[in-house]
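**Q** show me how the following folds:
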Amino acid sequence: RLPSSAPGGGTSTSMGKNDFLSPKGIANASKSKGLQKLRFFCQVCAKQCRDQNGFKCHTTSEAHLRQMELFGANQGRFIDGFSEEFLKEFLSLMAVSHRNSRVSASVVYNEFISNKTHTHMNSTKWTSLTEFIKYLGRAGIASIDETPKGWFLTYVPEDREEAMRQQSHKRKVRAAEDATVRDARLIEEQIQRANTSVDASARTAAVATELTRSADDGKASFGFGGNAAKRGKPTAGVPVANAFGEDDDETSTGNGTEKTKKPASAIEEIMRRGVEAERRVQKEHAQSNAPGSKIASQKATDDDSPWLVTNIVVKIVSKALRDRPLLWKKKAVVRKLRDGGFAGEVALLDNGETVIKIDQNDLQTVLPKVGGHVVVVKGALRGMTGVLKKLDLDNFVAVVTLDSGGTAENATRRFEYEDICKLNTVR
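**A** Now for the predicted structure:
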């Protein structure tokens, strides 16, 4: 529209009746705010109409008829797609707003439909909210329960890698506890096992009691080594006890000295087994640290040494990026190493164009599925590649077959979770 002359000699631009600042445009914008009527919404075209006349004009349009022809050719594919999208958006809302908490299903659904661009339930395979909640319970996605106030559900997202790391951390904390506490716990466990295996008479003999003596008892004498007969004749009928509690006790009587073998009590037997178990553990530890032994994991000489390797898949766990959902908890590939290997340039897997520089302390290693390729990032075998054969969940180690392990005997090694990382095989 060309500018026209104004009365004062200037120019002015006339505004069309449908411009966004015109009364008509402002009215249309105010009408489109908020939720509209569901019966005037076309899910196939993702178009919301304001009234019956607009919806009728849309259903007779060429674009709508073309979309309906495509829908009629493959109805199941469209419905499955809408159902999958609805489930994904619903669980995403649960994970963000009601993570690990018990909440009413109607409350979550009201929050879900408050989004103007949400996927409508009438386009999915579920005809009602109750049917959808029952599906979540049958599939094991969430725990549900029915109450007089309606259905309630609890959604606990699974993070397999985080659970494995927590188990590994607990194992390390238990291994680093004080030796005295560990020995006391070992003895307590052995006492409990021994009490379940011995009879009641043996358990009673191990209980400490008070010393009771009658007036007829003679004087007790104690020997500290040597032959009791050489030190003189002790009181008749009173045994000479050995203060050091040796197994070969000397019992002195009025007729002479007689050596008898005293049977070990339950406490002494438990202590003896504990010492033997401690010796076996020390022996196995010494053998595992010997050169050439097949150990669970090769430990690095310096814990502060860099572990980043190019072309490995890592997870970004920097707390400074919590407010950036596009980076927080995302997996990335290490492209280049910086700062002597302590930092690296990583590119996101879902968006290869996003490349950031980040320190290795803000990254975590990633484990592939069984059969996937890994690379050793810590220890003497750093840099070697292999294939993950299995995960030993009891000992928190991974069994890896190295690509260049020499003989078949040395090709299979056992590593801790943080000593290996997934190798990026996608180019």
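**Q** who touches the helix or strand harbouring Ser92?
**A** For Ser92, the element it lies in under DSSP states H and E is helix 75-97. Outside helix 75-97, the residues that touch it by CB atoms under 8 Å, 6 or more residues apart in numbering are 43-44, 71, 108, 111-112, 118-119, 121, 123-126, 132, 141-142, 153, 155, 157. C-betas here are computed from N, CA, C, even on glycine.
**Q** same thing but 6 Å
**A** 71, 112, 119, 123-125, 155, 157 (CB atoms under 6 Å, 6 or more residues apart in numbering).
**Q** mind listing the helices for the chain?
**A** 23-31, 52-59, 62-73, 75-97, 105-113, 129-138, 160-175, 179-197, 200-205, 266-288, 408-411 (DSSP state H).
**Q** give me the buried positions along the fourth one.
**A** Going by neighbour count (16 or more other CB atoms under 10 Å), the buried part of helix 75-97 is 78, 82-83, 86-87, 90, 93-94.
**Q** before we move on, what about the second one?
**A** Neighbour counts over helix 52-59 (16+ other CB under 10 Å) mark 55, 58 as buried.
**Q** do the same with the fifth one
**A** Buried residues in helix 105-113, counted by 16+ other CB under 10 Å: 105, 108-109, 112.
**Q** helices and strands around it, which ones?
**A** strand 150-154 (3 or more CB pairs under 6 Å, 6 or more residues apart in numbering; DSSP states H and E).
**Q** summarise which helices and strands the strand it packs on is packed against.
**A** Strand 150-154 packs on strand 102-104, helix 105-113, strand 143-147, going by 3+ CB pairs under 6 Å, 6+ apart.
**Q** what about Thr130, neighbour count?
**A** Around Thr130 sit 13 other residues, with neighbours defined as other CB atoms under 10 Å.
**Q** excluding covalently adjacent residues, which one is nearest to it?
**A** Trp151 (6.5 Å; CB to CB, 6 or more residues apart in numbering).
**Q** strands along the stretch 301-427 of the chain, start to end?
**A** Under the criterion DSSP state E, counting those that start in this stretch, strands of the stretch 301-427 of the chain are mapped to 313-316, 331-338, 343-348, 355-359, 363-365, 373-376, 385-392, 397-402, 412-416, 420-422.
**Q** can you list those strands in a markdown table and add mean neighbour count and mean pLDDT?
**A** Below are these laid out as a markdown table (neighbours: other CB atoms under 10 Å; pLDDT from 0 to 100):
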| stretch | mean neighbour count | mean pLDDT |
| --- | --- | --- |
| strand 313-316 | 21 | 92 |
| strand 331-338 | 18 | 90 |
| strand 343-348 | 20 | 90 |
| strand 355-359 | 15 | 87 |
| strand 363-365 | 21 | 91 |
| strand 373-376 | 22 | 92 |
| strand 385-392 | 16 | 89 |
| strand 397-402 | 20 | 90 |
| strand 412-416 | 20 | 88 |
| strand 420-422 | 25 | 92 |
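**Q** out of these, which comes closest to Lys172?
**A** With CB to CB as the criterion, Lys172 lies closest to strand 412-416 of the strands of the stretch 301-427 of the chain, at 9.1 Å.
**Q** how big is the angle separating the closest one from strand 385-392?
**A** 70 degrees (axes from the mean of the first three to the mean of the last three CA atoms, to 10 degrees).
**Q** and Thr147, how far from Gln75?
**A** 36 Å (CB to CB, to the nearest Å).
**Q** and for Met164?
**A** 42 Å.
**Q** likewise Gly372?
**A** 38 Å.
**Q** follow-up on the earlier one: could you report the neighbour count for the residue nearest to Thr130?
**A** Neighbours of Trp151 using other CB under 10 Å come to 19.
**Q** please apply the same query to Val377.
**A** Val377 has 22 nearby residues by other CB under 10 Å.
**Q** so which of the buried residues of helix 105-113 sits lowest on pLDDT?
**A** The lowest pLDDT within the buried residues of helix 105-113 belongs to Phe112, with 87.
**Q** so where is the stretch 201-350 of the chain shaky, pLDDT-wise?
**A** 201-211, 213-267, 270, 281, 284-304 (pLDDT under 70).
**Q** so what pairs up with Val400 in the strands?
**A** On the basis of DSSP bridges, Val400 is bridged to Leu388, Arg413.
**Q** now it: how far from Cys421?
**A** In terms of CB to CB, Val400 sits 11 Å off from Cys421.
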